[in-house]
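Asks: What follows is a predicted structure for the sequence shown.
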Amino acid sequence: MEALDYHAEERRKAEFNLDEMKIVWAGSRRNYELSDRVARLVASDPVFRKDNRTMLTRKDLFKDTLRKAAHAWKRIIDLRLSEEEANMLRSYVDQPAFTDLHWGMFIPAIKGQGTSEQHEKWLPMAYKMQIIGCYAQTELGHGSNVQGLETTATFDPQTDEFDLHSPTLTSSKWWPGGLGKVSTHAVVYARLITGGQDHGVHGFIVQLRGLDDHLPLPGITVGDIGMKFGSGAYNSMDNGLLRFDHVRIPRNQMLMRVSQVTREGKFVQSDVPRQLVYGTMVYVRQTIVSDASCALARAVCIATRYSAVRRQFGSQNGGPEIQVIDYKTQQSRLFPLLASAYAFRFVGEWLKWLYTDVTQRLQANDFSTLPEAHACTAGLKSMTTSVTADAIEECRKLCGGHGYLSNSGLPELFAVYIPTCTYEGDNVVLLLQVARFLMKTVSQLGSGKKPVGTTAYMGRAEHLMQCRCEVEMAQDWLKPSTILEAFEARAVRMSIACAKSLGKFSNPEDGFAELSPDLVEVAIAHCQLIVVSKFLEKLQQDIPGKGVKRQLEILCNVYALHLLHKHLGDFVATGCITPNQGALANEQLRLLYAQVRPNAIALVDAFNYTDHYLGSILGCYDGNVYQKLYQEAWKDPLNDTVVPDGYLEYLRPILKQHIRTARL
Ligand SMILES: CCCCCCCCCC/C=C\CCCCCC(=O)SCCNC(=O)CCNC(=O)[C@H](O)C(C)(C)COP(=O)(O)OP(=O)(O)OC[C@H]1O[C@@H](n2cnc3c(N)ncnc32)[C@H](O)[C@@H]1OP(=O)(O)O
Ligand SMILES: Cc1cc2nc3c(=O)[nH]c(=O)nc-3n(C[C@H](O)[C@H](O)[C@H](O)COP(=O)(O)OP(=O)(O)OC[C@H]3O[C@@H](n4cnc5c(N)ncnc54)[C@H](O)[C@@H]3O)c2cc1C
């Protein structure tokens, strides 16, 4: 018997080829096939069940995480999965674990900052997981200000060793994932001191626990920092604390690609810029942008499917009520998020390309694009994670009361997701980095140095400062060149206005501090321009499949025009558009929502998420929401007994007293 599909009618309405859209979303047919296979593999494996994890105690959740990680590793070995497939498998297991940091930061830190001898020694052990590592940078007293870290690594020429020490309470390492209970090793960031001189922060490979007994090595104090936000969620991770009491490591465990310390204790700074010590963060920020599109797509998929099932008001002659997805307010809240998921997907693809390009250049000692890579990764990490975190909460509200149920999947997704706005660089701190880069670019405009890459538009500042938007009718807003010019003009005008204001301060640093809220806005305008322009560039590509390109054009326009509507103040205040043109953009936006509507369910089906990965009754593929909610309620441990524990001690005495009082 064919299973009932409550979304069948919605699916029939789609005006595009779904299979081709799935390929666009995955990036290529090959990616689609790999990811589909691995997602199904995880979904069908009982060890990877996750429907009960919010009920587990912290200890049980942690043990469950260890069990899943061990099983995942066994599957990876048994099935001889490639590195790419293994990464997919871990992400579909969908439970934050020490392995995220081992593969995502420890290994990349050694690869990026180690010498070839260090690669040869450490990487094979790490790849086989004979050692497990984490990334220990943040301290109790300092996270954002990396130059303010206090842990010291003092070179002792007598023994050819470094002495790792935590001189203060605030120098305790605090937060590193995987550190608390699992890691045998860490890349530790500490101030390098040779001959009494401080050379700033560098990375060191340090063994923390015995490989036979897992006990902390002498001089090392290590443990978990405690429960975090939400139940389940990020509590599967052992974020840890770490203190060193004069722990000795050999000299060759300093990561020496950027700087070296000789046998005599001489500090040697190579031609490589010192910022490469921050290289692992650039790498991870880039991956966080792609992950933002996945998390956003997940929330949007749940909210869209549920909005098509849920009906409220408007029944005519006893007929069905209106699907909430048909309310214009629901559409105006939901469809921009759907469009943002696609926009982040494409900018993530582009950022991956940019990162690969900069890595290849670095290998050839070309450091010219490093500032651009830093600004793009920092800015886009910040913008996409902030939008996604807010969007998950918006999707919860779009699902009404049932969105607040744990089994909607949204509370846990929110709790797991929100720290992305903080880790790998606080979002405001990162936007200020982008603003510095932009102010530097503006200051060089008259010098003959042509801006390149994502700031190339600033080279046309003269035109963009005085151009007038030519929109006369709502449909004029559908022209890509009109949209692009409006976003470029807004970004350049905001940048130049800020640069002028900065110029009024005698001390530029005072000016930067004073104007920082405005500078953050400038950075956001620039990042939004990047996302819009990369979406438009994507549409220049040959995109096969009936109606696929057309849907993407609609989504691109929704993305750009909803931003224009949201930030209308910026656009109008900088004179890029008139208030009337703003109203026309809004009119066009409403027409676009009507075009998204029949395709909404198919557009979220294109994410190809299994019910296992989505982990949401409201977002399940077949839309059989009410029956599943009802069945699930009875599985709650509170319903194991009809009369709850505690009735006799606490409820009955009150009730009895009530009866006595009533009799009086
Ligand atoms: C439902 C279940 C779902 C389950 C899903 C599971 C998913 C789980 C996934 C988990 C994955 C990962 C886990 C999370 C890991 C998190 C790990 C961390 O957080 S690690 C710690 C990260 N820490 C930070 O990011 C710190 C932020 N601070 C900094 O980066 C820097 O200190 C600073 C950039 C803010 C300032 O540095 P400073 O040295 O003081 O720099 P200046 O401002 O003086 O700038 C000097 C100069 O350098 C340039 N610069 C700065 N940074 C970089 C860089 N990275 N690359 C290149 N250049 C850089 C800067 O622009 C300046 O340039 P000038 O030309 O001189 O202007
Ligand atoms: C779940 C999670 C996992 C983590 N995993 C790791 C890990 O594996 N390894 C690791 O080393 N670290 C890890 N961290 C630490 C993380 O990288 C830091 O918390 C992060 O970099 C932010 O630094 P902070 O905590 O010092 O924030 P702070 O800098 O103290 O931020 C506090 C407030 O001050 C503001 N602020 C700070 N500086 C400025 C400024 N210059 N201008 C304006 N405003 C400013 C911020 O915007 C924020 O509002 C993790 C953190 C979390 C939450």
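Replies: Good, I have the coordinates. Residues are numbered from 1 along each chain as shown. Ligands and ions are numbered 1, 2, ... in the order given.

Asks: ok, L561 - contacts?
Replies: Listed by CB atoms under 8 Å, 6 or more residues apart in numbering, the contact partners of L561 are W477, I483, A585, N586, Q588, L589, L592. Just so you know, the C-beta spots here come from the backbone N, C-alpha and C atoms, and that holds for glycine as well.

Asks: which SS state does it fall under?
Replies: helix (DSSP: H, G, I helix; E, B strand; the rest coil).

Asks: Please apply the same query to S616.
Replies: Reduced to three states by three-state DSSP, S616 is coil.

Asks: How about V268?
Replies: When classified by three-state DSSP, V268 comes out as strand.

Asks: Count residues in the vicinity of it, would you?
Replies: V268 is surrounded by 9 other residues when neighbours are defined as other CB atoms under 10 Å.

Asks: Find the nearest non-adjacent residue to it, please.
Replies: For V268, ignoring the flanking residues on the chain, the nearest one in space by CB to CB, 6 or more residues apart in numbering is Q260 at 4.5 Å.

Asks: Close to ligand 1: what parts of this structure are there?
Replies: Residues of the chain that fall close to ligand 1, judged by CB under 6 Å from any ligand atom: 94-96, 100, 104, 135, 137-138, 143-147, 177, 275, 278, 281-282, 370-371, 374, 412-413, 416, 423-425, 429, 433, 436.

Asks: How many residues are close by Q541?
Replies: Residues contacting Q541 under the criterion other CB under 10 Å number 10.

Asks: Check Y342 too.
Replies: Applying other CB under 10 Å, I find that Y342 has 27 neighbouring residues.

Asks: May I ask which helix or strand encompasses the closest residue to it other than its chain neighbours?
Replies: Closest residue in space to Y342, ignoring its immediate chain neighbours: L555 at 5.0 Å, by CB to CB, 6+ apart. Counting by DSSP states H and E, the element that carries L555 is helix 548-566.

Asks: residue of the protein with the smallest distance to ligand 2?
Replies: Evaluated by CB to the nearest ligand atom, the chain has G143 as its residue closest to ligand 2, separated by 2.4 Å.

Asks: Can you report phi and psi for the closest residue to that residue other than its chain neighbours?
Replies: In this structure, G143 finds its nearest non-sequential neighbour in W175, 7.1 Å apart by CB to CB, 6+ apart. The phi and psi torsions at W175 (degrees, to the nearest 10) take the values phi 120, psi -30.

Asks: check whether stretch 372-383 contacts ligand 2.
Replies: No. In this structure, stretch 372-383 remains apart from ligand 2 according to CB under 6 Å from any ligand atom; the gap is never smaller than 10.3 Å.

Asks: what's the helix or strand for R590?
Replies: Taking DSSP H and E as the criterion, R590 maps to helix 579-596.

Asks: Check which helices and strands the next helix or strand after that helix is in contact with.
Replies: With elements assigned by DSSP H and E, the helix or strand that comes after helix 579-596 is helix 600-605. For helix 600-605, the elements it packs on are helix 8-12, helix 18-26, helix 279-309, helix 328-363, judged by 3 or more CB pairs under 8 Å, 6 or more residues apart in numbering; DSSP states H and E.

Asks: Mind doing that once more with 6 Å?
Replies: helix 279-309 (3 or more CB pairs under 6 Å, 6 or more residues apart in numbering; DSSP states H and E).

Asks: Report the angle between the helix it packs on and helix 18-26.
Replies: In terms of direction (axes from the mean of the first three to the mean of the last three CA atoms, to 10 degrees), helix 279-309 departs from helix 18-26 by 150 degrees.
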